[in-house]
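Enquirer: A structural model of the following input is requested.
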Amino acid sequence: MALLGAQLVITLIMVSVIQKLGSHYSFAQWILCSTGLIRYLYPTDQELRSLAGVPREKPKKGKHMENGKIGDTFHVPRNLNITLESAKVMPLDVVHLKFYTEYQWLLDFSVYAGLVYILTEVYNHLYPIKDEINLSILWCALVLGFALKMLLTLWVQYFKGEESVGERSTCIVSGFAYLLVAMMILIIDENTLEIGLEKAYTSFNHSASLFLDNQGLSSTGPASKIVLKFFLAVWCGLLGSLFTFPGLRMSKMHWDTLKYYKDNKLLLLLLNISYASPLLLVILWIKPISRDYLTARIFTGMTGPLMTVAAFESMRLVAVVIAVLLKLALMPLYLQSYLNLATQRLENQKKEAGRITNIELQKKIAAVFYYLCVVTLQFIAPIIICLFFTLMYKTLGGYTWEGLYKDILIEECPADKPPKILPTMTPDSNEKTVIQTAQEFHLALDSLKQIFTTDVFRGLLGFATWWSCFTWFSTTAMGMVYQSYFSAA
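Expert: The predicted structure follows:
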């Protein structure tokens, strides 16, 4: 109970920090406004008239727009020689952007949740827990819920209006494609791909059946393995569809960033390592070329394998965290590459014939900065999902960062033990006391622990972590193929 009290103190402190300092110190705002990002300003009507030689029309009597403004729409050549002015991104510029509030809340809350998790891990290392609730898991679950909600909100936008037919079709096709891929992966033997679902299902089926029998309910098992895997495949298809356009956007920004920094060899190396890191993470779950190679094979001149099994498990967790931190460190470069789309659009327009209205030209340039937070959400949401799935996988799966197993979490299996019986209430008591309510809650939690064992969490969260990394890489790889094809054309 001492640890639970300490976790409550950490939680209350973090809530107070969010309330008092959240509006003054924002990591999300710092990334946009303090990392040197440059935005491009669209040309004014006066500049366009001067360059195109269009005389200013005299306002006609009675021809007024709303708020007393005079309509001023004119045409200019598409190949007009325009040089865009630039300006540093400032806090007053970003507060009015589309989805800025959602972006700021998601990233800042993720930072706070990460701090809670780190403080809890430090405290747990000093004073190991046994039966108390780890409140940092609740924070991680909330972050995952917010990130998935943000991706779903952006995904729904493609199903609104008549102008998003192509995006809507892409989401649907990619969703069914990932559904098919997930169904094929779920039938692969786990001696090749160690996702741990077979062991998780066996443990869950056994513990749930035993729990129901102890409650006087006959049961042969809570659910069929095929049904569970089907719903997992549906979830995989949905997540793949949600990751599709973030992956395409990421590949576009990566392609442009490589072009802008082609003379900086060190930065190019970091960019390519960052891009390929999800593939390296996916390989770590392929047993013949990862676990067997590092934990079973003994090389010439050595007396044992390179790593112990526990060290290998910890290495996978650390690898995900390093990949995420590298992505975040390079995030300003990718965002600047996106903002440079304004000049790219203008250069592409100069190759076209015909004329364009001043309003359309200005919207084309202004839209790049207007959707900056949407692009930023597409960049960070998949990263956050992969990171916090990994953190939950580490804690609930009973792993450590040091490459050692926690003995208390490896002891199995609580399902073999009879469940604790709730204390009976005396006939004279009309209402429950606080102590009795706490005891019942604690016993109900023990009952859940008997069903959702360590093996269950290792299977579900391990698969969720691996699939997130897999879709993270596959969508960006698909976007890179797209970029290569059209650039060559």
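
Enquirer: only C-alpha atoms for contact and neighbour calcs from this point on.
Expert: Noted.

Enquirer: got a list of what the residue positioned nearest the centre of the chain touches?
Expert: In the chain, the residue lying closest to the centroid (Cα atoms, centre = their mean) is Pro382, at 2.5 Å. Listed by Cα atoms under 8 Å, 6 or more residues apart in numbering, the contact set of Pro382 reads Ala147, Phe243, Pro246, Ser468, Trp472.

Enquirer: Any idea how many residues pack against the first one?
Expert: Residue crowding around Ala147 was assessed by other Cα atoms under 10 Å; the count is 25.

Enquirer: Can I get the contacts of Pro382 in a markdown table including distance to Phe159, pLDDT and secondary structure?
Expert: Shown next, in a markdown table, are the contacts of Pro382 (distance: Cα to Cα, whole Å; pLDDT from 0 to 100; DSSP: H, G, I helix; E, B strand; the rest coil):
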| residue | distance to Phe159 | pLDDT | secondary structure |
| --- | --- | --- | --- |
| Ala147 | 19 | 95 | helix |
| Phe243 | 16 | 95 | helix |
| Pro246 | 16 | 93 | helix |
| Ser468 | 24 | 95 | helix |
| Trp472 | 22 | 92 | helix |
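
Enquirer: Pick out whichever of those sits closest to Phe389.
Expert: Checking those against Phe389 by Cα to Cα gives Ser468 as the nearest, at 8.4 Å.

Enquirer: picking up where we left off before, which of the contacts of Pro382 tops the neighbour count?
Expert: In those, the most neighbours by other Cα under 10 Å go to Phe243, 29 neighbours.

Enquirer: And the strands in the stretch 301-450 of the chain?
Expert: For the stretch 301-450 of the chain, the strands defined by DSSP state E, counting those that start in this stretch cover 355-357.

Enquirer: how near is Thr343 to Leu119?
Expert: Computed as Cα to Cα, to the nearest Å, the Thr343 to Leu119 distance reads 45 Å.

Enquirer: ugh, wrong one, I meant Arg49
Expert: Between Arg49 and Leu119 the distance is 60 Å, computed by Cα to Cα.

Enquirer: Repeat that for Leu37.
Expert: According to Cα to Cα, Leu37 stands 32 Å off from Leu119.

Enquirer: For the protein, which element, helix or strand, carries the lowest mean pLDDT?
Expert: Lowest by mean pLDDT, DSSP states H and E among the helices and strands of the chain is helix 407-410, with a mean of 38.

Enquirer: what ranges of the stretch 1-150 of the chain fall below the confidence cut-off?
Expert: 1-8, 10, 14, 17-23, 57-71, 129-132 (pLDDT under 70).

Enquirer: contacting residues for the nearest residue to Ala147 once chain neighbours are set aside?
Expert: For Ala147, ignoring the flanking residues on the chain, the nearest one in space by Cα to Cα, 6 or more residues apart in numbering is Ala381 at 5.4 Å. By Cα under 8 Å, 6+ apart, the contact list for Ala381 reads Ala147, Leu148, Met150, Leu151.

Enquirer: Swap in 10 Å and give it another go.
Expert: Ala381 sits next to 103, 106-107, 143-144, 146-151, 243, 246, 387 when contact means Cα atoms under 10 Å, 6 or more residues apart in numbering.

Enquirer: Nearest to Trp285 among the residues you listed?
Expert: Leu387 (16.1 Å).

Enquirer: Counting neighbours, what do you get for the closest one?
Expert: 26.

Enquirer: Report the separation between it and Leu328.
Expert: 12 Å.

Enquirer: repeat for Lys363
Expert: Taking Cα to Cα, one finds Lys363 at 30 Å from Leu328.

Enquirer: Compare those two and say which is more crowded by neighbours.
Expert: Leu328 (17 against 12).

Enquirer: coming back round to it: pull out the buried members of the contacts of Ala381.
Expert: Buried by 16 or more other Cα atoms under 10 Å: 103, 106-107, 143-144, 146-148, 150-151, 243, 246, 387, out of the contacts of Ala381.

Enquirer: Output those residues as TSV; include the columns distance to Lys88.
Expert: Below are these laid out as TSV (distance: Cα to Cα, whole Å):
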residue	distance to Lys88
Tyr103	20
Leu106	24
Leu107	22
Val143	31
Leu144	32
Phe146	30
Ala147	28
Leu148	31
Met150	27
Leu151	28
Phe243	30
Pro246	25
Leu387	31
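
Enquirer: so of those, which ones are in helices?
Expert: With helices taken from DSSP state H, the overlap with the buried ones among the contacts of Ala381 comprises 103, 106-107, 143-144, 146-148, 150-151, 243, 246, 387.

Enquirer: Leu306: which of those is nearest?
Expert: Using Cα to Cα, Leu387 comes nearest to Leu306 of those, at 26.1 Å.

Enquirer: show me the contacts for the closest one.
Expert: Counting by Cα under 10 Å, 6+ apart, the residues that Leu387 touches are 110, 114, 140, 144, 317, 320-325, 381, 393, 465, 468-469.

Enquirer: That concludes my questions; thank you for your assistance.
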